[in-house]
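In: pasting the structure only:
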C-alpha cells in the first residue's frame, strides 16, 4: 500500500469541485486517509516549490497558490502514485486527455 500527497488548489476550491475530485479518486479504489483545508503561506509555497523559486514563472505560481484556500490530502491505495497521475492527467491542461481532471 502506498500513500501520496494531493493538493486541491485554490481554483478547484473556489469552483467547488472538491467533491467531484474526491469521487474520482474513490471510484478508482483509492482512500483519502487525511484531509485538511488550509491557506498556503509564502514561506510554505517556497518550501513546496523550492525547485521553481528562481524560475521566471515562480512569482505567479506563488501568487496563485497563496491566493485562496487549498485542500491537502493524503491518498492511499495500490500503485496510488500512478493511479493519481492517471486521474489528474498531464500537468498542462492543454495536453491533458479528456476524462482526466485537468482535461475536463
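Out: Everything's here; your move. Predicted, not measured: the structure shown is a model, and the values here were computed from it. Numbers count the residues shown, from 1 in each chain.

In: got the phi and psi for residue 100?
Out: Torsion angles at residue 100 (phi, psi; degrees, to the nearest 10) stand at phi -100, psi 160.

In: residues in contact with it?
Out: When the contact criterion is Cβ atoms under 8 Å, 6 or more residues apart in numbering, the partners of residue 100 are 86-90. For every residue, glycine as well, the C-beta is placed using N, CA and C.

In: would you turn those residues into TSV with neighbour count, secondary structure and pLDDT?
Out: Putting the contacts of residue 100 into TSV (neighbours: other Cβ atoms under 10 Å; DSSP: H, G, I helix; E, B strand; the rest coil; pLDDT from 0 to 100) gives the following:
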residue	neighbour count	secondary structure	pLDDT
86	13	helix	93
87	19	helix	93
88	17	helix	90
89	18	coil	87
90	13	coil	83
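
In: so can I have TSV of those residues showing distance to residue 1?
Out: Below are those laid out as TSV (distance: Cβ to Cβ, whole Å):
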residue	distance to residue 1
86	18
87	17
88	20
89	24
90	26
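
In: and which of those is nearest residue 42?
Out: Residue 42 has its nearest neighbour among the contacts of residue 100 in residue 88, at 25.0 Å by Cβ to Cβ.

In: now do the contacts for that closest one.
Out: 96, 100-102.

In: what's the farthest-apart pair in those?
Out: Within the contacts of residue 88 (distances taken as Cβ to Cβ), the two that end up farthest apart are 96 and 101, at 7.8 Å.
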